[in-house]
Structures are given as structure tokens and as C-alpha cells.
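**Q** Compute the structure for the input listed below.
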Amino acid sequence: MSEVSPRARGLWRSLIAVVAGNIVYLLLEGWLPPGARHEIYRIDWGLVVDFWFCLVIYGLLGFVRWFR
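**A** Predicted coordinates:
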């Protein structure tokens, strides 16, 4: 059985973080203040909040992996 390369592991971690972060953001978007909601085709604070969710999940995945 072959070991997964560190680059592939990082790619999967990033992909999971982006997908999960966007899902969490979309689920919570209705409860966020108007300034934190993303408007389509605009660069606004909603993108920053969405990125923050992805970044937090990326960090949590690394934290969980550290304990394994």
C-alpha cells in the first residue's frame, strides 16, 4: 500500500477546508450582519468573512491531524 505524498495531503486538506468553509458561510449567511454578507459580482467584506471561515476550518483540520 502506498503512502500519500505530503503535497497530495495538503491539496485534500485545502479542498476540504474551502468546501466546508463555504458551506458553513452559506448556512450562516442569513444570520450575519448586512456588512458581512456577500453580494454577487462584488469584492466586499462578505468575501473576507467567507475566507475567514475557510481559514479557520483549515487550521482546525491541521490541529486535529496534529493530535493523530
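**Q** CA atoms for contacts and neighbours, from now on please.
**A** Noted.
**Q** Name the residue closest to the centre of the protein, please.
**A** By CA atoms, centre = their mean, the mean C-alpha position of the chain lies nearest to Cys54, the distance being 1.7 Å.
**Q** Next up, identify which helix or strand it is on.
**A** Mapping Cys54 onto the secondary structure by DSSP states H and E places it in helix 45-67.
**Q** any idea of the mean pLDDT for that helix?
**A** Regarding helix 45-67, the rounded mean pLDDT is 94.
**Q** Using PDB, list the CA coordinates for that helix.
**A** Output for helix 45-67, consisting of C-alpha atoms alone and laid out as PDB, is shown next (Å, rounded to 0.1, in the frame of the first residue of the first chain):
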ATOM      1  CA  TRP A  45     -16.400  42.200   3.300                       C
ATOM      2  CA  GLY A  46     -18.500  39.100   2.700                       C
ATOM      3  CA  LEU A  47     -15.600  37.600   0.800                       C
ATOM      4  CA  VAL A  48     -13.300  38.300   3.700                       C
ATOM      5  CA  VAL A  49     -15.800  36.600   6.100                       C
ATOM      6  CA  ASP A  50     -16.100  33.600   3.800                       C
ATOM      7  CA  PHE A  51     -12.300  33.400   3.500                       C
ATOM      8  CA  TRP A  52     -12.100  33.500   7.300                       C
ATOM      9  CA  PHE A  53     -14.400  30.500   7.700                       C
ATOM     10  CA  CYS A  54     -12.200  28.500   5.300                       C
ATOM     11  CA  LEU A  55      -9.100  29.600   7.100                       C
ATOM     12  CA  VAL A  56     -10.500  28.500  10.500                       C
ATOM     13  CA  ILE A  57     -11.500  25.100   9.100                       C
ATOM     14  CA  TYR A  58      -8.100  24.700   7.500                       C
ATOM     15  CA  GLY A  59      -6.500  25.400  10.900                       C
ATOM     16  CA  LEU A  60      -8.800  23.000  12.700                       C
ATOM     17  CA  LEU A  61      -8.000  20.200  10.200                       C
ATOM     18  CA  GLY A  62      -4.300  20.800  10.900                       C
ATOM     19  CA  PHE A  63      -4.900  20.900  14.700                       C
ATOM     20  CA  VAL A  64      -6.900  17.600  14.500                       C
ATOM     21  CA  ARG A  65      -4.200  16.000  12.400                       C
ATOM     22  CA  TRP A  66      -1.600  17.100  14.900                       C
ATOM     23  CA  PHE A  67      -3.300  15.000  17.600                       C
END
